[in-house]
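Engineer: I need the structure of the sequence given here:
(one chain, ligands or ions: 1)
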Amino acid sequence: MSSGAEKRPRDEDKEDLSKFLNYFPVNLDGQPPSKKKRVQDGFSEGRVFCDKWRALQYAKREEHLLSKYTRNRPTIQRVRKDISKDGWKANHPSPEDIVAKWQPPKRKTVESDPKILNNIQKQKWSGLTIKDFGGTKGEGVVATKPFLKGSILCDYHGRIITAAEGQEIQKTIDDQKCYLFFFNDLCIDAKTFPCECHPDKETLGMKINHSKKHANAKPVHSKMQFTDGTKDIILFKAIKDICIDEEIKFNYGVNRKSYGGEGQDLEWLED
Ligand SMILES: C[S@@+](CC[C@H](N)C(=O)[O-])C[C@H]1O[C@@H](n2cnc3c(N)ncnc32)[C@H](O)[C@@H]1O
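Structural biologist: Numbering: from 1, shown residues only. Purely as a prediction, here's the structure:
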């Protein structure tokens, strides 16, 4: 007669599996135990637990690979190179799977992403350069590597002031090149150049030109979590895939009237 307290076979299986995993912990680089080792340590000859071990290692490897690509979707070649660097010959996701599973960073992740925080602090953003287009357009920012939709490109760097202070500065600007970014009741002043923290750098965000119809980036307000506190940062995010040599543009959200350009020939505002 069986009692209610008796264990069902499935529970025993589970218990044995956890015992097996305690004996032979799953790691990124190891192998499941050989048949000889399994038997020696009191487990069955069968391969069932080894198959489970492999499935767990596969999942661990997938997580490990995905954690490398916090800013941009990786290319298949990049993942292939990383797999080869890790020395994995089998039991790993294919580069194609990793590229397909990659997700743009969630806002919460972006705000505490060490790579992005470091790029902001050092003003070192890869894959972008300043190009002089000449004429009234002047300089702009161009991609030197492809970016996939959802990637963080760079920030709008400058000192944070109130919107009221920004408006005062705006009144003093006599040419059209206005390096002020207004958001909420704040403003990033990239006009006071060179900036206090990067006196030798021409930062990228302030050089991004406008396009309403062909914008490929958008500014996103983020509360970035630096070690010395939370700071308001404007990050530019790709809203479409961007190719090499493509100019980065975002919609300034202005019209002739708001830009003080009424009656002026500001063709670029219509672009
Ligand atoms: C924040 S600045 C952008 C960088 C600027 N082009 C430079 O050389 O420093 C904004 C100014 O750039 C120019 N600009 C922006 N978008 C443009 C476009 N699509 N075509 C031509 N000029 C543009 C306008 O003079 C605008 O006032």
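Engineer: how about residues contacting the lengthiest helix in the chain?
Structural biologist: Among the segments of the chain that qualify as a helix by DSSP state H, the longest is helix 48-66. Counting by CB atoms under 8 Å, 6 or more residues apart in numbering, the neighbours of helix 48-66 from elsewhere in the structure are 16-17, 20-21, 24, 26-28, 30, 32-33, 38, 43, 79, 82-83, 86, 88, 91-93, 97-98, 101-102. No exception for glycine: its C-beta is placed from N, CA and C like everyone else's.
Engineer: pLDDT wise, what is the closest residue to the ligand within the stretch 101-250 of the chain at?
Structural biologist: Using CB to the nearest ligand atom, the point where the stretch 101-250 of the chain gets nearest to the ligand is Gly138, with a distance of 2.6 Å. Model confidence at Gly138, given as pLDDT, is 92.
Engineer: before we move on, what about Pro199?
Structural biologist: Predicted confidence (pLDDT) at Pro199: the value is 73.
Engineer: secondary structure element holding it?
Structural biologist: Under the assignment given by DSSP states H and E, Pro199 is not contained in any helix or strand.
Engineer: measure it to Thr192 for me?
Structural biologist: Summarising the geometry, the distance separating Pro199 from Thr192, computed by CB to CB, to the nearest Å, is 11 Å.
Engineer: looking at the two, which is more packed in?
Structural biologist: The residue with the greater number of neighbours, taking Pro199 and Thr192 and applying other CB atoms under 10 Å, is Thr192; the counts read 13 against 8.
Engineer: residue contacts, the more buried one?
Structural biologist: Listed by CB under 8 Å, 6+ apart, the contact partners of Thr192 are Gly158, Arg159.
Engineer: Pro219 in helix, strand or coil?
Structural biologist: Reduced to three states with DSSP: H, G, I helix; E, B strand; the rest coil, the structure at Pro219 is strand.
Engineer: skipping adjacent residues, who's closest to it in space?
Structural biologist: Once flanking residues are discounted, Pro219 sits nearest to Ile234: 4.8 Å by CB to CB, 6 or more residues apart in numbering.
Engineer: could you pull up phi and psi at the residue of the stretch 101-250 of the chain closest to the ligand?
Structural biologist: In this entry, Gly138 is assigned phi and psi values of phi 70, psi -140 (degrees, to the nearest 10).
Engineer: can I assume it is in contact with Ile208?
Structural biologist: No - under the criterion of CB atoms under 8 Å, Gly138 lies out of contact with Ile208, with a separation of 11.9 Å.
Engineer: just want to know which of the two has more residues nearby.
Structural biologist: When Gly138 is set against Ile208 and neighbours are counted by other CB under 10 Å, the residue ahead is Ile208, at 25 against 13.
Engineer: ok, now which ones touch that one?
Structural biologist: Gly140, Val141, Tyr156, Ala217, Phe236, Ile248, Lys249, Phe250.
Engineer: near the ligand too, which of these?
Structural biologist: When CB under 6 Å from any ligand atom is taken as the criterion, the members of the contacts of Ile208 that contact the ligand are Gly140.
Engineer: please pick the buried ones from the contacts of Ile208.
Structural biologist: Buried residues within the contacts of Ile208, defined by neighbour count using 16 or more other CB atoms under 10 Å: Gly140, Val141, Tyr156, Ala217, Phe236, Ile248, Lys249, Phe250.
Engineer: count of neighbours near the closest residue to Gln77 other than its chain neighbours?
Structural biologist: Spatially, and ignoring its direct neighbours in sequence, Gln77 is nearest to Pro95 (7.7 Å; CB to CB, 6+ apart). One way to gauge burial is a neighbour count; for Pro95, by other CB under 10 Å, it gives 20.
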